[in-house]
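Chemist: sequence isn't available, so here's the structure alone:
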C-alpha cells in the first residue's frame, strides 16, 4: 500500500508553473491515455474522447502526487494489480464530471409535480430514483418539488440518490452549499427549504433537515449487472450521465431500468441525450421525457 500525502504549497506552485508554461511534470504518452480510457470504460462505462487528454492528465496527476509516484505507467500497473479498492474509487472519482444545479432543466420538475399530484391518495410511499445524484442539487430539487406538490415537509415520498462518485455523494449527504448555489431560487424557496449560515458559516446554507429525511444517498455503479433496489419507481431521473457512455452501454443500463419504472411513470433524460436507440424500451414524449413502450400513455 502506498503512503498517501496531501497537496502541499510546493505541489500547488508546481501545478501553477506547469499550467502556465505548458511543461508537464509527468510524461503522459499515448499508451498511458489509451490505458486510462480502457480502465475507466471497464470500471465505470465512461467513454473518454481524445479531447479529454488534458483533463485526464490534470486530474490523475494529483493521484500520482498523492501516492508519491513518478510516472503514469507505475500508477496504472498499481491499479491493475487490483489490491487497492480505495484507489480504484479515487481513480473513478477523478475522472467523473459533476456539473449540476438546483432545478436544472426546470420543466422536468413541472412534469414531476403533475405526476405526483396524479398519484395523491395512493397507499404507501412513492419512490423516486435519482441515478446520477452528483453533489445533491438534483435529489434536493426533487424533494422540494414533492413538498410543494403535497404542501407539506413530510410528503409520502422516498428518494434514492445514487452516484458512482463517493466524493460528490458526501457533499450531497452533508447538504451544505455556498449561498450562490441557491441565488436563482425564489425567496420563498430559500426561506422554506434552506437555513443560512452565520458566523464562521456565513456565505453558506444548509438544506432543511426535513428534505434530508426524504433522501437516501447510496454509491452505485450503473454498470453493475444487477441493481440492489427492486422498485417500482414513480419516476427515474437519468440526466446528463448517459452522454459519458457509448450506445451499447446506454442500452444495457436502460434495459435494467425498464422493469424498475412503473408502467405509467416517466424517465427523465438530459437535454443533450436521446434514447432513440432504445425505442423498444422507452418512447419519447418530448422535451427529454420518456415513458415505457408498454405504458398506457399515448403522447402528451
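Modeler: Happy to help now that I have it. Keep in mind the model is a prediction, meaning the values are calculated, not measured.

Chemist: show me the strands in this structure, by range?
Modeler: For the chain, the strands defined by DSSP state E occupy 126-130, 157-163, 176-178, 194-196, 204-207, 215-219, 233-238, 261-269, 282-286, 289-292.

Chemist: distance of residue 240 from residue 209?
Modeler: According to CB to CB, to the nearest Å, residue 240 stands 28 Å off from residue 209. Where you see a C-beta, it was placed from the backbone N, CA and C, and this is true even at glycine.

Chemist: neighbour count: these two, which is higher?
Modeler: A direct count of neighbours by other CB atoms under 10 Å for residue 240 and residue 209 places residue 240 higher, at 21 against 10.

Chemist: name the nearest residue to the more buried one, ignoring sequence neighbours.
Modeler: Of all residues not flanking residue 240 in the chain, residue 270 sits nearest, at 3.6 Å (CB to CB, 6 or more residues apart in numbering).

Chemist: and residue 82, by the same measure?
Modeler: Nearest residue to residue 82, sequence neighbours excluded (CB to CB, 6+ apart): residue 88, at 7.7 Å.

Chemist: who touches that neighbour in this structure?
Modeler: 43, 79, 82 (CB atoms under 8 Å, 6 or more residues apart in numbering).

Chemist: mind doing that once more with 10 Å?
Modeler: Contacts for residue 88 were tallied using CB atoms under 10 Å, 6 or more residues apart in numbering; they are 39, 43-44, 79, 82.

Chemist: so how far is residue 104 from it?
Modeler: In this view, residue 88 and residue 104 are 29 Å apart by CB to CB.

Chemist: isn't residue 49 up against residue 40?
Modeler: No. Using CB atoms under 10 Å, residue 49 is not in contact with residue 40; the gap is 12.0 Å.

Chemist: have a look at the two and say which one is more surrounded.
Modeler: In this view residue 49 and residue 40 are compared by other CB under 10 Å, and residue 40 has more residues nearby, 21 against 9.

Chemist: relative to residue 237, how far out is that one?
Modeler: Residue 40 is 23 Å from residue 237, by CB to CB.

Chemist: the domain parsing of this structure - what is it?
Modeler: With domains defined by automatic domain parsing, the chain comprises 10-95, 107-292.

Chemist: of those domains, which shows the lowest average pLDDT?
Modeler: Sorting these by mean pLDDT places domain 10-95 lowest, at a mean of 84.

Chemist: show me what contacts the closest residue to residue 97 other than its chain neighbours?
Modeler: Once flanking residues are discounted, residue 97 sits nearest to residue 244: 7.4 Å by CB to CB, 6+ apart. Listed by CB under 10 Å, 6+ apart, the contact partners of residue 244 are 40-41, 44-49, 95-97, 132, 222, 250.

Chemist: over to residue 216?
Modeler: Listed by CB under 10 Å, 6+ apart, the contact partners of residue 216 are 139, 158-162, 173, 229.

Chemist: would you list those residues in a markdown table and tack on neighbour count and distance to residue 60?
Modeler: Compiled in a markdown table, these are given as follows (neighbours: other CB atoms under 10 Å; distance: CB to CB, whole Å):
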| residue | neighbour count | distance to residue 60 |
| --- | --- | --- |
| 139 | 28 | 29 |
| 158 | 18 | 37 |
| 159 | 25 | 33 |
| 160 | 21 | 30 |
| 161 | 27 | 27 |
| 162 | 21 | 24 |
| 173 | 16 | 26 |
| 229 | 14 | 32 |
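
Chemist: what is the most widely separated pair among the residues you listed?
Modeler: Within the contacts of residue 216, 173 and 229 form the most distant pair, 17.9 Å apart (CB to CB).
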